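Engineer: Build the 3D model from these lines:
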Amino acid sequence: MAFGRYARVDRHNSSNNCLTISIVVFVTACLIGVWITMSSSIGPASLGITLDLFMGGMPKKVNGNNTYAPAPEDTSKGSLSQASPLDEGNPDISENVDVTPKKSHPAQKVVEDLVSENEEGNTRAKEINGGEDNKVSGDYQVNRGSDGMSLGTKNDPEKIERAGELETKVEETRDNQDKIPPTKEDIVAADSLGQSDKAGQEQSEDPKEGYLEDKPSETESSERLPFENPPPIEPLMTQVAKSEKEKALANSPLSMHLRNYRWKVCNTTSGPDYIPCLDNIKAIKRLHGISHYEHMERHCPDEPPICLVPLPKGYRTPIRWPKSKDMIWFANVPSTRLAEYKKDQNWVRVHGRYTTFPGGGTQFKNGALHYIDFIQKTLPDIAWGKRTRVILDVGCGVASFGGYLFERGVLTMSLAPKDVHEAQVQFALERGIPAILAVMGSRRLPFPSNVFDIVHCARCRVPWHAEGGRLLLELNRVLRPGGYFVWSATPVYRRGAEDSGIWKDMSMLTKSMCWELVKVGKDELNKVSAAIFRKPTSNDCYERRPKNDPPLCEESDDPNSAWYTLLTPCIHKVPLDPSVRGSQWPASWPSRLENSPYWLKGSETGVSPNDFYDDYNHWKHVRGSSYMNGIGVDWSVVRNVMDMKASHGGFAAALKDLPLWVMNVVPVNSSDTLPIIYERGLLGLYHDWCESFNTYPRSYDLLHANHLFSDLKQRCNFVAVMAEVDRVLRPGGKLIVRDDPVTISEVESVVKSLHWRIKFMQLRDNEALLCVEKTFWRPTEVETIVAAIVP
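Structural biologist: Numbers count the residues shown, from 1 in each chain. Predicted structure coming up:
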C-alpha cells in the first residue's frame, strides 16, 4: 500500500484536529458567555426603554407624532413615558419603531458614549444645564478666581479677563468635539432609535441646541405618579384601547390645528424685550394724562399677540445661582445705560462679555450685606429670617438688597417700573432674584392687604408725601399691622431746604396715619441714615385723631381687591378679632410655612386647616415620588420658578430645601388664597392669564400649571396663552402641566408646533401629566405688532 511516510502524519493530524476543534468550541462558548454577561449590564433604564423591549419583546406602538406611550396600568413595570436622551427632540418618530437592540449592539455603543461623555464632563449638555463639573463647567471657571473668591464680588478686571480666556478655550474644545464626525455604528444606532428626525434637526441653528437632555433616572419609579386626587379603582384598560384613546386625542380637530400652527416672530420696537401689556404704544398715546405714571401701568392690547418674541443676539443659557448673583452674560441683557448712569454707586459694571454686580446701591455703595446688618443693628426686633420673612422692596434697582437678603433667610419682592432705569428688573431676574414690573401709580399693587412684614425704600424716587400721601397709604394697605417701613433717603439725613421740607411733610403725614417713628439709625460707613416707622396694631390712635384725615375707608371697600383697582386714599382699620387675619403676627420662620394659619378656620376663603395640610402633604408626596427624579427635570439648574395656579402654596412649600424661589400666582377668577401664601412666608401676586404677565421675556426656569389650562381654554385665546408661556420661559426651561387628558393632548400639540421636547407624558382616564422643555427654536416668518411700534 502506498502510505509511505505520510501514514503516520495523517494519523497525527487527525488527533490534533480533534483537540483543536475542542479548544475552539470551548473558547467560543466562553466568548459567548462574556458577551451575554456584558450585554446584561446595560439595563433598560440606560436606554429609557422597558424591560420587555430590552429583552426583545414586542415593541410598544408609538402613535402618530407622539414620542411617548401611555403609562401601563401595571406600574410595577417600566414605562416608555420617561423620554430617553436618545429620542428627545424627535417629534416625528414613525409608528411601530422597533427599538430592540440588534446583535451588532449599536445601542450599547451609544450608551457607552453617553457614559463616557458624562465622565469626561465635556458635553454641551453641561454647558446648557450649567453642570457643576469643576474641570469643564464654564460657569464655574468664569466665576472663580485663583484665590477661590467670586469674581463678581471682587470685580477684578484682570481676573475676569483671565476667566473669559479660559471660557473661550472651553468653548473651543466643545466646538472641536462637535466637528468629530459620527461613526457608522453611531448613525445606525441613532436611526434604529428614531434619531433621524428632520424636525429635530430644524429646531435651531444655535450650536448649543440639542444638548439639553436630562439623564435618565438611575431607578425608574415603580409607583403610579401621584395626581391631585388618587384615581378610583377602575377596570384595566388594554394596550390596544389605550392606543386608540391616544389616537383619538391626538387626532382631534383642535389638536390637529394646534399641531400644525404656523408661528411667527414678533416685530416690535422692544424687540427681544417685548412685554405686551407694558409696550402698547397705541394705548399709551391715547392717555389723557400721565401725572400718576399711567404710561407705566398695564395697557393690554385688545387682542393678545400670538407671535413669539425673538432671542437677543448671542443669547445663551444663564449662569447658575449663586454665581449669577455676581455675574451674568452681557448678551442676555445687553444694556449699558445703568452701568454708565450708576457707575459711582456700584450697581452694575460691564466687563467684556460679562455684566457684574458689586453688590452696591445708591444707599449702600459699600455693599448690601453691611447695609442689611446696619438695619437690624438699628432695630434688633426686625430679626431677619425669623420675625421678618417676606418684604417688599420698592424701587429695587438691580435688586442687590433682595439678593443678599437670601443669606438672612428673607424673601424679597423686588418691584420697579419699566422706566429710564433701563432693564433693572430684567437684571434682577437674570441674576436669580424675585422681581416684577410695577409702578406706584393710579392703581393698587397686585397684592392682598396686610401681607408684608417690612416695606423698604432706599432712594426709590417715590413722592410719598405728595397728594395727601396717597402712595404711602397704598403701602399702609399691604403692610402687616405691626410691620415696619424702612425709609433710607436724603430727607432723613440731609438738611437742605428741599430735603427738610420733605422730612417735615413726611413727619406730619406718618403721624396722621398713626405710624410710630421707632428709630433713626446712621450708617457711618455709607454716610446715610434710615428712618424706621411702625404700623399700629390697634385702632385706638385712629379714634383719637382730631381730624379724620387721611380718612378711614368705607366698610364696603375690600382691602384685598387689587386687580385693576384704583387707589383709594384712605386707611383700612386694623383687624381686632383674634380669628381674623392681621390681628396677630405670624409664627416665626420656618414654623409659619408648615403650620396652618391661626385665622384659617374662620376665613372667607372656604379653606379649612384639613384642606391646608392635605394640600401640603399631597405636594410633598408628588415631589418625592415623581417630580424630583421621574419626569426629566434637573433641579440643580432650576432657580426661578413660577406656580401659575398656586392654590395654598403647597407646591412651593414642598420645594423649601432647594436653592430656588417660587412666584406663586393666584388667578383672579380663582379662590383668593394669596393671603394664605404670604402667611406661610412665601411670595405671590394676582394675575389673569388671558393677559400678559408683568415680566421680561425669558424670566423663569420652570413653570408649573396645575389644572389651569383646562379653564383658560374656555375663556381665553389658548394659542395666545401658550405664546405667553413661551415668552416667559427661558430656552432650556421646563413646563410641567397637570390636567385632564384632552387638555394635555392639546398642550402637547402646541408645544410640538413650537419644537419643544417632550420629556415625560402620562395619561389616565381622568388626569394626565406632561413635562416639556423649551428649545432655542424661533420661526423665520415675521409678524409686525403695529400697536407696539414707536413711529
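Engineer: Wait, Ile532 touches Trp515, no?
Structural biologist: No - here Ile532 does not reach Trp515: they are 10.1 Å apart, not a contact under Cβ atoms under 8 Å. (C-beta placed from N, C-alpha, C; glycine too.)
Engineer: Mutual contacts of those two, please.
Structural biologist: Common neighbours of Ile532 and Trp515 (criterion: Cβ atoms under 8 Å, 6 or more residues apart in numbering): Phe485.
Engineer: so who does Ala705 touch?
Structural biologist: Met644, Lys645, Leu735, Ile736, Val737, Arg738, Asp739.
Engineer: who does Leu735 bridge with?
Structural biologist: Taking DSSP bridges as the rule, Leu735 bridges to Leu703, Val772.
Engineer: how about it, what does it touch?
Structural biologist: Leu702, Leu703, Ala705, Val725, Leu729, Val751, Trp756, Leu770, Cys771, Val772, Glu773, Lys774.
Engineer: And Leu287, by the same measure?
Structural biologist: Glu294, His295 are the contacts of Leu287 under Cβ under 8 Å, 6+ apart.
Engineer: try it again with 10 Å
Structural biologist: With contact taken as Cβ atoms under 10 Å, 6 or more residues apart in numbering, Leu287 is in contact with Glu294, His295, Glu297, His299.
Engineer: Determine which two of the contacts of Ala705 are furthest apart.
Structural biologist: Using Cβ to Cβ, these span at most 13.1 Å, a distance reached by Lys645 and Leu735.
Engineer: Need the overlap of contacts for these two.
Structural biologist: Joint contacts of Lys645 and Leu735 (Cβ under 10 Å, 6+ apart) are His704, Ala705.
Engineer: hang on, the earlier thing: pick out whichever of the contacts of Ala705 sits closest to Gly314.
Structural biologist: Closest to Gly314, out of all of the contacts of Ala705 and judged by Cβ to Cβ, is Leu735, at 24.7 Å.
Engineer: any idea how far Lys504 is from Glu474?
Structural biologist: Taking Cβ to Cβ, to the nearest Å as the criterion, Glu474 is separated from Lys504 by 22 Å.
Engineer: neighbour-wise, which of the two wins?
Structural biologist: Taking neighbours as other Cβ atoms under 10 Å, Glu474 and Lys504 compare with Glu474 leading, 23 against 12.
Engineer: hang on, the earlier thing: so which of the contacts of Ala705 comes closest to Tyr315?
Structural biologist: Nearest member of these to Tyr315, counting by Cβ to Cβ, is Leu735, at 18.9 Å.
Engineer: tell me the contacts of Pro301?
Structural biologist: Per Cβ under 10 Å, 6+ apart, neighbours of Pro301: 276-277, 279-280, 282-283, 691-692, 720, 785-788.
Engineer: Can you list which of the residues you listed are found in strands?
Structural biologist: Among the contacts of Pro301, none falls in strands (DSSP state E).
Engineer: Which one of those residues sits in the busiest neighbourhood?
Structural biologist: Pro276 (27 neighbours).
Engineer: Can you read off the backbone torsions of it?
Structural biologist: In terms of degrees, to the nearest 10, the main-chain angles of Pro276 are phi -50, psi -40.
Engineer: Find the nearest non-adjacent residue to it, please.
Structural biologist: In space, not counting the residues next to it along the chain, Pro276 is nearest to Ser692; the distance is 3.9 Å by Cβ to Cβ, 6 or more residues apart in numbering.
Engineer: That neighbour against Cys300, yeah?
Structural biologist: Yes - Ser692 is in contact with Cys300 according to Cβ atoms under 10 Å; the separation is 6.3 Å.
Engineer: who touches both of the two?
Structural biologist: Jointly contacting Ser692 and Cys300 under the rule Cβ under 10 Å, 6+ apart are Pro276, Cys277, Leu278, Asn280.
Engineer: The second one and Tyr371, how far apart?
Structural biologist: Think Cys277. Relative to Tyr371, and taking Cβ to Cβ, Cys277 is found at 33 Å.
Engineer: Tell me where the model's unsure across the chain.
Structural biologist: 1-257, 343-344, 420-421, 602-605 (pLDDT under 70).
Engineer: what do you get if the cut-off is 80, keeping everything else the same?
Structural biologist: 1-259, 338-346, 360, 362, 419-422, 602-606 (pLDDT under 80).
Engineer: give me the number of residues near Val265?
Structural biologist: Counted with other Cβ under 10 Å, Val265 comes out at 18.
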